[in-house]
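**Q** A predicted structure for the sequence below; I have some questions about it.
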Amino acid sequence: MAYDYALVHLKYTIPFAGLLTLILRPLLTKLDLYKTATLILVAFCATLPWDSYLIRHGVWSYPPDAIAGPRLFGVPAEELFFFVIQTYITSMLYILLNKPVLHAQFITNRDDSSSTSRRLRTLGQVFLVGCIAVGAALVKKGGEGTYLGLILVWACPFTLLTWSLSGYFIIKLPLACVATPIIVPTVYLWIVDELALGRGTWAIESGTKLGWRIWGSLELEEAVFFLVTNTLIVFGMVAFDRGLAVLYTFPERFPNAPQTPSPGFLFKALFTDPAKYDMVRVKGIREAVVTLRRKSRSFYLASSVFPGRLRIDLVLLYSFCRVADDLVDESRTESEALEWINKLSNYLDLAYGFEGQSPSSRRYVDAYVERNFPKATQSALELLPTNLLPKGPLYELLEGFKMDLSFAGTGSNGVQFPIKDETDLETYAHRVASTVGELCLWLVFHHCDTKLSEDKKSSLILAAQTMGHALQYVNIARDILVDAEMGRVYLPVNWLKAENLTPQDIVRNPKQPKVEYLRQRLLDRAFKEYDRSRDTMNILPSEVRGPLIVAVESYMEIGRVLREKTGVHSKSRKGRATVPRSRRLWVAWKNLSAA
Ligand SMILES: CC(C)=CCC/C(C)=C/CC/C(C)=C/CC/C(C)=C/[C@@H]1[C@@H](COP(=O)(O)OP(=O)(O)O)[C@]1(C)CC/C=C(\C)CC/C=C(\C)CCC=C(C)C
C-alpha cells in the first residue's frame, strides 16, 4: 500500500512522541525546545547526505508501493520525517530523565576524575577508534559488510568527538540519565523496524548486508544503526548540557550568561579548558545539592524546575540557611548556639563589608570561615551569593534563630516559651521564613530576563513575606511532636491556655487529642496567609512563575496532608508527616500546567 511507511509513523512513532510531549509539556522550557530543535537540525543535515548515498548506491530501498512519493535527494518524505521524529523522541526522553539533575555538580576535569573514569574514557576512545577502523575496512572491502561499514564510518567519528569532549562528564552523570534515553527508544525502534522489515515497508539489499538476524526480521545493521544514532542524540544533548553547566556555574568567567545562550556562547563554554574550572566551587555545589536532597524533599523537587543560574543560587541559598540553622539547632548548650550566631553574624559583617571589592578581600572572608567553622559547613558559607542578596534579611534570620534559644533550659527550672501569642508567632515566622522568601525573590529579580517595575517588586516582596508565614506555620504544625521532644513548643501560649493547657503539658504529652485541634487552628492561619499572597504570584515573570509556585505548593501540600489528617499517620522515621512521592510529583505537574 502506498501509505505503508506513513502508517508506521501514524501507528508507532507519532503516538510515542505524543505521549512524551503530553507528559513533558508543563516542564518544557524555551531552552529545552532550543536544544531539541538544534539537534533535529544537526541530525537532519548529517543524515540526509548519508541516507541519500545509501539509497543511490542501492544499499537499501523502498518498494514504490510503500511510500507516498515525494523525495529529497532520493530520500522519501517518510524517511526524512524519521530523522526528525527519532531525534525528537530521544531528546524528549533525555530531557524528562535529566530534569531532576543539576548538571553543574557533574562538571569535572582530569584531576577531579578517578583513575577508573580516566581508564573508562580512554577505553571508550580506543573502542570508537576501533569501530571507525573496522568500518573503513568493511567499506573498502565492499560486498556484504558495506552497510555495517557505512554506519560505523559515518556515526563513530561524531561519537568519538562528543565522547572525547564530554567523556568525564558522561561517566559522572547518573547512569539512568544517559543509558535509559538510549536504550528505551532503541529497543522501541528495533520493534518498529522488525515489523517494517517483516512487512516489506523498507528493505536492505542482500549484497550489502551480512544477513545476520538479531531477532525475527531485525538485521544486525538496523540494530546497530538505531543504537548508534540514539547514542549520538544523547551525547549531543549531554554536550549541550555540559556547555550550559559551565556557562551557569562560573559567573566570574561568564558574567552575562543569557538564559538561552547563542551557539557561540555555548561553544566558548564547551571549549573552556577544563583545567581552568573552579573545582572548589563545583565541589561546594555538590555539597549543597547533597544537603538539599537529604534535608528537603519539597524544595529538592521544586529546584528541578528552576532555570540555569537561578537554580544554582537557590540551592546555595538553601544550603547556607540549612547549615546556619543546623549549627544553632545542634548545639549542646545555649552559649555554644549563641557563639555560632555571633560567628555567623561576623561572617556577614565581613562578607558585606568587603562587598564589591577585590577577590583578595573575598579570600579574607574565606580565611575567617576556614578558621571558625567546621569543614563540612565551609562551602555553604563561602558560596552564598552575597553580591545578589540584601544583608537585612540574613541578619534578621539570625535573630529568628536567637528566638529558638529562648527555649533553652527546658527540663530544669529555667523553662521559657517565647511564643506567647499570635504576634510572637508572626514575628518568629517573619524572621525565619519571610526573610527566606524575600531572599529567594532577590535572586529571582536578578536572574530573570524580564525586568519588573519597583511597584511590582514591592508587592511581590510583601507577598513573599506573607507566604513565608504560611510555610512556617505549616512547618510548626508538622513538627509539633518533634519539637516537643526537644522541649520546644511554638503553639502560642494563649492558645494553650484557652484549652487549659500549658507548654509543659505539650512537652510531656504531645499526642493528646487537643493538640490535633490546635494543629488545625494553626493550619487555618497558614492557609489564610497563603490565600492572602497566592494571587500575587501571578505577576511573577513567566519563566519563574511556575517554578516558584511549585516550591510553595509542594510545601503547602504538607499542610493539606495534615488537614486530611492522613499525614499524621503516614509519618517518616523522624515522626514527621510526609507527602507521598507520587502526590508531590502530581502537585508539581499540575501547578506547572496551570501556571
Ligand atoms: C527551590 C529551592 C531550592 C528553594 C530554596 C528555598 C530556601 C532557600 C529555603 C531555606 C530553608 C531553610 C533551611 C531556612 C532556615 C530557617 C527555616 C528552618 C525555615 C523553614 C523552612 C522549612 O524547611 P525544612 O522543612 O527543611 O526545615 P526543618 O526541617 O523544619 O528545619 C521554612 C518553613 C521556611 C521556608 C520558607 C520559604 C522557602 C519562603 C517561601 C516563599 C517563597 C519561595 C516566595 C514566593 C513568592 C511569592 C511572591 C509569594
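**A** That came through fine.
**Q** any idea of the pLDDT on the residue nearest to residue 76 when sequence neighbours are not counted?
**A** Distances taken as C-beta to C-beta, 6 or more residues apart in numbering place residue 67 nearest to residue 76, at 4.4 Å, with adjacent residues excluded. Any C-beta I mention is one placed from the backbone N, CA and C, and that applies to glycine too. pLDDT for residue 67: 75.
**Q** Tell me which helix or strand comes right after the biggest helix by length in the chain.
**A** Longest helix of the chain, by residue count under DSSP state H: helix 220-249. Per DSSP states H and E, helix 220-249 leads on to helix 263-270 as the next helix or strand towards the C-terminus.
**Q** same for that next one, what does it pack against?
**A** helix 220-249 (3 or more C-beta pairs under 8 Å, 6 or more residues apart in numbering; DSSP states H and E).
**Q** just checking, what packs against the helix it packs on?
**A** Partner elements for helix 220-249 (3+ C-beta pairs under 8 Å, 6+ apart): helix 30-56, helix 77-98, helix 146-172, helix 175-199, strand 213-215, helix 263-270, helix 279-295, helix 308-329.
**Q** for the record, mean pLDDT for the host helix or strand of residue 119?
**A** Applying DSSP H and E as the criterion places residue 119 in helix 115-141. Regarding helix 115-141, the rounded mean pLDDT is 95.
**Q** relative to helix 220-249, how tilted is that helix?
**A** 140 degrees (axes from the mean of the first three to the mean of the last three C-alpha atoms, to 10 degrees).
**Q** Taking their axis directions, helix 115-141 and helix 146-172 sit at what angle?
**A** Using the same axes, to 10 degrees: helix 115-141 against helix 146-172 is 170 degrees.
**Q** Which helix or strand contains the residue nearest to residue 512 when sequence neighbours are not counted?
**A** Of all residues not flanking residue 512 in the chain, residue 505 sits nearest, at 7.5 Å (C-beta to C-beta, 6+ apart). Per DSSP H and E: residue 505 is located in helix 503-508.
**Q** now that helix: mean pLDDT?
**A** 92.
**Q** Name the residues that touch whichever helix or strand comes after that helix?
**A** The element immediately downstream of helix 503-508 (helix or strand, assigned by DSSP H and E) is helix 513-534. With C-beta atoms under 8 Å, 6 or more residues apart in numbering as the test, helix 513-534 has contacts from 422, 462-464, 466-467, 469-471, 473-474, 476-477, 480, 491, 495-496, 499, 501, 506, 552, 556, 559, 562-563, 565, 568.
**Q** Same question for stretch 343-358.
**A** 324, 327, 361-362, 364-365, 368-369, 372-373, 381, 384, 386-387, 391, 394-395, 398.
**Q** ok, 10 Å please
**A** Residues outside stretch 343-358 that contact it (C-beta atoms under 10 Å, 6 or more residues apart in numbering) are 320, 323-324, 327-328, 360-369, 371-373, 381-382, 384, 386-387, 389-391, 394-395, 397-399, 401-402.
**Q** Of all residues in the stretch 401-550 of the chain, which one is closest to the ligand?
**A** residue 437 (3.1 Å; C-beta to the nearest ligand atom).
**Q** Do you know the pLDDT at that residue?
**A** 98.
**Q** Name the helix or strand for it, please.
**A** helix 435-447.
**Q** Next: residue 381.
**A** helix 375-382.
**Q** any idea of the mean pLDDT for that helix?
**A** According to the model, helix 375-382 has a mean pLDDT of 96.
**Q** now the helix or strand just after it, how far from the centre of its chain.
**A** Downstream of helix 375-382, the next assigned helix or strand under DSSP H and E is helix 392-405. Offset of helix 392-405 from its chain centre (C-alpha atoms, centre = their mean, to the nearest Å): 29 Å.
**Q** Could you list the buried residues of the very next helix or strand once past helix 392-405?
**A** Counting by DSSP H and E, the element after helix 392-405 in chain order, helix or strand, is helix 422-429. For helix 422-429, burial by neighbour count (16 or more other C-beta atoms under 10 Å) applies to 424, 425, 426, 427, 428, 429.
**Q** same question, stretch 156-169
**A** Buried, per 16+ other C-beta under 10 Å, within stretch 156-169: 156, 158, 159, 160, 162, 163, 165, 166, 167, 168, 169.
**Q** And stretch 443-455, by the same measure?
**A** So stretch 443-455, judged by 16+ other C-beta under 10 Å, has buried residues 443, 444, 445, 447, 448, 452.
**Q** where in the stretch 251-400 of the chain is pLDDT low?
**A** Along the stretch 251-400 of the chain, segments meeting pLDDT under 70 span 355-360.
**Q** swap the cut-off to 80 and go again
**A** Scanning the stretch 251-400 of the chain for pLDDT under 80 picks out 259, 354-361.
**Q** Show me what from it comes close to the ligand.
**A** Within reach of the ligand by C-beta under 6 Å from any ligand atom, the stretch 251-400 of the chain has these residues: 292, 295-296, 299, 302-303, 314-315, 317-318, 321-322, 325.
**Q** you'd agree residue 41 is up against residue 87?
**A** Yes: the criterion here is C-beta atoms under 10 Å, and residue 41 meets it with residue 87 at 9.1 Å.
**Q** Neighbour count: the two, which is higher?
**A** residue 87 (26 against 12; other C-beta atoms under 10 Å).
**Q** Contact partners for the more buried one?
**A** 36-37, 39-44, 47, 185, 229-230, 232-233, 236-237.
**Q** switch the cut-off to 8 Å
**A** Contacts of residue 87 by C-beta under 8 Å, 6+ apart are 36, 39, 40, 43, 44, 233.
**Q** Contacts only, for the residue nearest to the fifth one when sequence neighbours are not counted.
**A** Once flanking residues are discounted, residue 44 sits nearest to residue 83: 5.0 Å by C-beta to C-beta, 6+ apart. Residue 83 makes contact with 40, 43, 44, 47, 48, 51 under the criterion C-beta under 8 Å, 6+ apart.
**Q** List buried members of these by neighbour count.
**A** Using 16+ other C-beta under 10 Å, the buried members of these are 40, 43, 47, 48, 51.
**Q** Of those, which one scores lowest on pLDDT?
**A** Minimum pLDDT across the buried ones among the contacts of residue 83 falls on residue 51, with 91.
**Q** Hmm, residue 72 and that one touching each other?
**A** No: between residue 51 and residue 72 there is no contact under C-beta atoms under 8 Å: 9.8 Å.
**Q** gap between stretch 444-463 and the chain center?
**A** 23 Å.
**Q** For that stretch, C-alpha coordinates in CSV please.
**A** What follows is stretch 444-463, C-alpha atoms only, in CSV (Å, rounded to 0.1, in the frame of the first residue of the first chain):
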residue,chain,number,x,y,z
VAL,A,444,14.6,35.8,41.0
PHE,A,445,14.8,39.6,40.3
HIS,A,446,18.5,39.3,39.5
HIS,A,447,18.3,36.3,37.2
CYS,A,448,15.1,36.9,35.3
ASP,A,449,15.3,38.2,31.8
THR,A,450,12.1,40.1,32.4
LYS,A,451,12.7,43.2,34.4
LEU,A,452,10.0,44.3,36.8
SER,A,453,8.9,47.7,37.9
GLU,A,454,9.7,48.8,41.5
ASP,A,455,6.0,48.7,42.4
LYS,A,456,5.7,45.1,41.3
LYS,A,457,8.8,44.2,43.1
SER,A,458,7.4,45.7,46.4
SER,A,459,4.1,43.8,46.0
LEU,A,460,6.0,40.6,45.4
ILE,A,461,8.2,41.1,48.4
LEU,A,462,5.2,41.7,50.6
ALA,A,463,3.5,38.6,49.2
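**Q** Indicate whether it makes contact with the ligand.
**A** Yes: using C-beta under 6 Å from any ligand atom, stretch 444-463 reaches the ligand at 460, 463.
**Q** State the mean pLDDT of stretch 551-563.
**A** Here the average pLDDT along stretch 551-563 is 94.
**Q** Which residues outside it are in contact with it?
**A** 298-299, 301-303, 440, 467, 470-471, 473-475, 477-478, 519-520, 523, 526-527, 530, 534, 537, 567-568, 570, 577-579, 583-584, 587-588, 591.
**Q** Many thanks, we can stop here.
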